[in-house]
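Visitor: for reference, the sequence and a predicted model appear below.
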Amino acid sequence: MPRTAEDIVARAVAEQRKGRAWRAKEILRGAIAGGRLEPPILEAYGRLLDALGDRVEAGKYLFLSGARAVEHAEAIGLFMQRHSKGGGKQLLSQLPAVVRRLDFTELPIAVQQELRALGVSPNQPWKPSGARSNGAGLSGRVVLALVLVVLLFVLVALALGFWTMGSWVWTLIRGQH
């Protein structure tokens, strides 16, 4: 049975209380990566990151949660200051891919309002130009590595082929004398 957002947050809080912040972080990050983007999970992850001293990253998740508590203002402000200088498009590029796959209307109202204020239209593409639509493509480095492996395989096959043919010719020549 799938866990509720409250169950996930409770597990993470219990781990943090046991002094295992790393485990709490794994639980929350894993839930988010798995598409669990409920505000309580995002807020709990932001609070945890803030407690660990990662204020800017904390601000990202607190911003995405839609929670606008006074104690979140500084972290959200740091995130916004750092990543919205280029407008809404730059800010969007900083959001996790799993969030960018959402429909604009699936975001908390507070997030929608702040994105609109930065010039983000609900109809504009979420991804910066050139980004893959589903995240399923290969990066340039992976493609280059694959091409190099195939090229190396072909060169080795050619070298073995020439060596084998040379061996046959040599055997034929030696056999005639």
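Guide: Arrived safely. Numbers count the residues shown, from 1 in each chain.
Visitor: report pLDDT for Pro125.
Guide: If you check Pro125, the pLDDT there is 60.
Visitor: what's the neighbour count on Thr164?
Guide: 10 (other Cβ atoms under 10 Å). Yep, even glycine has a C-beta here, placed from its N, CA and C like the rest.
Visitor: quick one: the helices in the protein?
Guide: In the chain, the segments counted as helices under DSSP state H are 5-17, 21-33, 39-51, 55-65, 73-83, 88-93, 97-100, 109-117, 140-176.
Visitor: ranking those by burial, who's on top?
Guide: Ranked by mean neighbour count, the helices of the chain are led by helix 55-65 with a mean of 24 (mean count of other Cβ atoms under 10 Å).
Visitor: list the contacts of it.
Guide: By Cβ atoms under 8 Å, 6 or more residues apart in numbering, the residues outside helix 55-65 that reach it are 32, 37, 39-40, 42-43, 45-50, 72, 74-80, 82-83, 94-95, 99, 107-108, 111, 114.
Visitor: so which of the helices of the chain is nearest Asn123?
Guide: Nearest to Asn123 among the helices of the chain is helix 109-117 (11.4 Å), distances taken as Cβ to Cβ.
Visitor: centre of the chain versus the closest one, how much separation?
Guide: Counting by Cα atoms, centre = their mean, to the nearest Å, helix 109-117 is centred 22 Å from the centre of its parent chain.
Visitor: what's the angle between that helix and helix 39-51?
Guide: Helix 109-117 runs at 70 degrees relative to helix 39-51, counting by axes from the mean of the first three to the mean of the last three Cα atoms, to 10 degrees.
Visitor: domain map for this protein?
Guide: Per automatic domain parsing, the structural domains of the chain span 5-117, 138-177.
Visitor: now do the last one: distance to the chain's middle.
Guide: In terms of Cα atoms, centre = their mean, the gap separating the centre of domain 138-177 from the centre of its chain is 40 Å.
Visitor: circling back: could you dump the domains of the chain to CSV with mean pLDDT?
Guide: Formatted as CSV, the domains of the chain follow (pLDDT from 0 to 100):
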stretch, mean pLDDT
domain 5-117, 92
domain 138-177, 86
